[in-house]
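Student: Kindly return the folded structure for what I paste below:
(chains A and B)
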Amino acid sequence: MIDQEKKAAVFNSWIFDSFRITPEGLGLYRIFCGFFMLFFLLPSIDIYSFIGSLPSDFFVPPPGPMMLFEGFPSHWLFLILHGLLILSLCLMILGWRTKFASLATGIIFLIINGFIYSAGKINHDMLIIVVPMLMAFSGWGKAYCLDSYLRNEKERVHDWTLTLLALIIGFMFFTAGFSKIIGGWLDVDSQATLGHFFKQYFVYGRHDLLSGYALDISNLWVWEFFDYTTVLFEAGFLLAIFFPRSTRIYVCLAVLFHFSTMLVLNITFLPNFLAYAAFLNWDWINEIIKKQASNFINYKKIRYLLPPVLVAAVSGILLMLSGLFAGVDLLKSDWGITGVLVVSCSVPIAVYYLFRQLKRI
Amino acid sequence: MKKTTVKKIFIFFLFFLPLQYATVGIVGLIASEPWPALVLPAFQNVDATPANISVQKPVLSIIDVKDNTHSNVKPDKLFKGIQESQLQGFLRTHFGDSLKWTQKGKNSKVWLLNQISQNYPSIEPKFLKIRWEKMHYNFSSSPQKTDSTQLTQEFSISLND
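Tutor: This is a model prediction of the structure:
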């Protein structure tokens, strides 16, 4: 009986106490998410004219709800959906009807991506959809938003949504790791990472950053090490999410994992960064900005608004930098400089955070 | 939201996540990978040993009506607008073998002609030739050079009838 109660208490504590966050912290995360999706994760306009022009013979929906449709919608419908997506993201950033705007963002992404993936290839970027739809129920529209200003809502935040997000991320990583185990990644006679590296290098022509040097790594044990660490890291994520500190450590490691993948395989996977950012200490960011601001700003209201303004400014600077670098021919292959910039900027944050977490241990 | 409701949500997800993953695996084996699903890219296939790393690549060329000359075309230019992460999957799905193309109707041919005239206006197309080449590399001896190239699939799409 006592054992049962103990288990229930542990379960409760995992759900409700793992990730404590204030409405201000969640509000900052909401603003960051909105700008991140608006600036870096929206589908390119070019794809709409391509997909919209495809005849219905090219419509091969993956098993699932897209099978209800018989072909691609017109280019114009895509543009309308794109416009609605921008509108819902703007509302999400401003925090007006935040729950509705967040759900709408997820649903519109779901519809647009569903049609794009019905052209023959699925991208596994479900976290773009999961984050706004799950966080819609977190109460991330309780601070730094028009909703709280206009309606004076004082409801507390539901920080259990962060635990649920951690569970989903952990499980999604586990699926990648487990599939690799089944596929034979741990077989010492095969070279999985090397095989995928060759595909990226010779088929996709990804010759940027360290990929040329990677081609010179002739020691097969180095490549085998990559196989094992990838599988262990991905499959191990599921265990990490049961403790808040190990979740945060794993999220930092995930950033470094993406960074190494970017350097060697020239692949960036930005949608995941949207979810990783949820585990930043937004309360600390909020407090430190306000504390610093108190030294030179006397007006309380301006001080209060400074953190969201700074988050918006940082997102804007990142966008400007990616626009600036896009004009310079830095990359030889076809992948975008934006991804390189965002992943590279995340690395110092992840390293700093990782050391802070490890120091506490 | 009540604590008991939240706990029920968590219990639901603890069962739902493995169940949907199992469904992805089973449906993926029978048909193709379902979507949407809470999974990350697996990069499951391992087609590499130190002595033989093989990668497959499509080579597209257009045969001109006027002088029967072959002009190699870049898939990313011919299908301009598609995301680079989707291009190879798109080519495999629709141009993977001749059967996949013969199942398509006349609209598809019109669309393809339109793509060529938009992106390669100087060519008057007679055929679009698709070759799938499997390149083999021997990492142990010379990783930078192709050890051998094997033609796995070759077919032409007539565009002039």
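
Student: which non-adjacent residue is nearest the spatially most central residue of chain B?
Tutor: Per CA atoms, centre = their mean, the C-alpha nearest to the average position across chain B is that of B:Gly89, at 2.4 Å. Computed as CB to CB, 6 or more residues apart in numbering or on different chains, the closest residue to B:Gly89 that is not its neighbour in sequence is A:Lys121, at 2.5 Å. For the C-beta atoms, the positions are set from N, CA and C on the backbone; glycine is no exception.

Student: can I assume that neighbour sits in a strand?
Tutor: No. Applying DSSP: H, G, I helix; E, B strand; the rest coil, one finds A:Lys121 to be coil, outside a strand.

Student: ok, it - how many residues close by?
Tutor: Residues lying near A:Lys121 (other CB atoms under 10 Å in any protein chain shown) number 20.

Student: Angles on the backbone of it, please.
Tutor: When read as degrees, to the nearest 10, the backbone of A:Lys121 gives phi -150, psi 130.

Student: In contact with it, which residues?
Tutor: By CB atoms under 8 Å, 6 or more residues apart in numbering or on different chains, A:Lys121 lies in contact with B:Ser85, B:Gln86, B:Gln88, B:Gly89, B:Phe90, B:Arg92, B:Thr93.

Student: Which one among these sits at the bottom for pLDDT?
Tutor: Within the contacts of A:Lys121, pLDDT reaches its minimum at B:Ser85, with 85.

Student: circling back to that earlier point, generate a PyMOL selection restricted to the buried subset of the contacts of A:Lys121.
Tutor: In PyMOL, a selection of the buried entries from the contacts of A:Lys121 looks like this (16 or more other CB atoms under 10 Å in any protein chain shown):
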select buried, chain B and resi 86+88+89+90+92+93
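
Student: Throw the contacts of A:Lys121 into TSV and include distance to B:Leu159, thanks.
Tutor: Below are the contacts of A:Lys121 laid out as TSV (distance: CB to CB, whole Å):
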residue	distance to B:Leu159
B:Ser85	28
B:Gln86	24
B:Gln88	23
B:Gly89	23
B:Phe90	19
B:Arg92	21
B:Thr93	20
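
Student: Let's see which of the contacts of A:Lys121 end up in helices.
Tutor: Under the assignment DSSP state H, the contacts of A:Lys121 contribute B:Ser85, B:Gln86, B:Gln88, B:Gly89, B:Phe90, B:Arg92, B:Thr93 to helices.

Student: Ignoring the adjacent residues along the chain, who's closest to the second one?
Tutor: When you say that, I think you mean B:Gln86. A:Lys121 (4.3 Å).

Student: ok, now how distant is the one you found from A:Leu42?
Tutor: Applying CB to CB, to the nearest Å, the value for A:Lys121 to A:Leu42 is 19 Å.

Student: tell me which strands and helices the longest helix anywhere in chain B is in contact with?
Tutor: Across chain B, the helix with the greatest residue count (assigned by DSSP H) is helix B:3-30. Helices and strands touching helix B:3-30, by 3 or more CB pairs under 8 Å, 6 or more residues apart in numbering or on different chains; DSSP states H and E, are helix A:2-17, helix A:160-183.

Student: closest one to chain B among those?
Tutor: helix A:160-183 (3.4 Å; CB to the nearest CB).

Student: what is the mean pLDDT for the closest one?
Tutor: Helix A:160-183 shows a mean pLDDT of 97.

Student: Go through the strand ranked longest in chain B and flag the buried ones.
Tutor: When chain B is scanned for its longest strand (criterion: DSSP state E), the result is strand B:142-158. Within strand B:142-158, the residues that count as buried by 16+ other CB under 10 Å are B:Pro143, B:Asp147, B:Phe155, B:Ile157.

Student: Which single one of those residues is nearest to A:Pro271?
Tutor: Closest approach between these and A:Pro271, by CB to CB: B:Pro143, at 32.2 Å.

Student: now that closest one: how far from chain A?
Tutor: 6 Å (CB to the nearest CB, to the nearest Å).

Student: Looks like that residue contacts A:Leu220 (just checking).
Tutor: No. If you go by CB atoms under 8 Å, B:Pro143 and A:Leu220 don't touch, sitting 11.0 Å apart.

Student: tell me the domain boundaries of chain B?
Tutor: B:1-44, B:48-158 (automatic domain parsing).

Student: Turn the ones you listed into TSV, including distance to A:Trp160.
Tutor: Shown next, in TSV, are those (distance: least, CB to CB, whole Å):
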stretch	distance to A:Trp160
domain B:1-44	5
domain B:48-158	34
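
Student: any weak-confidence spans in chain A?
Tutor: Applying pLDDT under 70 to chain A flags residues A:1, A:152-155, A:327, A:332-335.

Student: burial count for A:Asp208?
Tutor: When neighbours are defined as other CB under 10 Å, A:Asp208 has 18 of them.

Student: helix, strand or coil for it?
Tutor: coil.

Student: quick one, phi psi at it?
Tutor: phi -100, psi 170.

Student: Could you double-check that it sits in contact with A:Leu331?
Tutor: Yes. A:Asp208 lies in contact with A:Leu331 (CB under 8 Å); the separation is 4.9 Å.

Student: Helices of the stretch 1-150 of chain A, residue ranges please.
Tutor: Per DSSP state H, counting those that start in this stretch, the stretch 1-150 of chain A carries helices over the ranges A:2-17, A:23-36, A:45-53, A:75-94, A:98-117, A:127-135, A:146-151.

Student: The third one: which residues count as buried?
Tutor: By neighbour count, with 16+ other CB under 10 Å as the criterion, the buried positions of helix A:45-53 are A:Ile47, A:Tyr48, A:Phe50, A:Ile51, A:Gly52, A:Ser53.

Student: returning to what we had before: which residues are in contact with the residue nearest to the centre of chain B?
Tutor: A:Gly120, A:Lys121, A:Ile122.

Student: Redo those as JSON lines? Include distance to A:Arg245.
Tutor: Shown next, in JSON lines, are the contacts of B:Gly89 (distance: CB to CB, whole Å):
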{"residue": "A:Gly120", "distance to A:Arg245": "42"}
{"residue": "A:Lys121", "distance to A:Arg245": "38"}
{"residue": "A:Ile122", "distance to A:Arg245": "34"}
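
Student: Nearest to A:Ala326, out of the helices of the stretch 1-150 of chain A?
Tutor: Proximity to A:Ala326 (CB to CB) singles out helix A:45-53 among these, at 14.4 Å.

Student: Outside of the closest one itself, list whatever touches it.
Tutor: Residues contacting helix A:45-53 (CB under 8 Å, 6+ apart): A:72-79, A:82, A:115-116, A:119, B:79-83, B:111, B:114.

Student: how far is that helix from where the chain is centred?
Tutor: Centroid separation for helix A:45-53 versus its chain: 25 Å, with CA atoms, centre = their mean, to the nearest Å.
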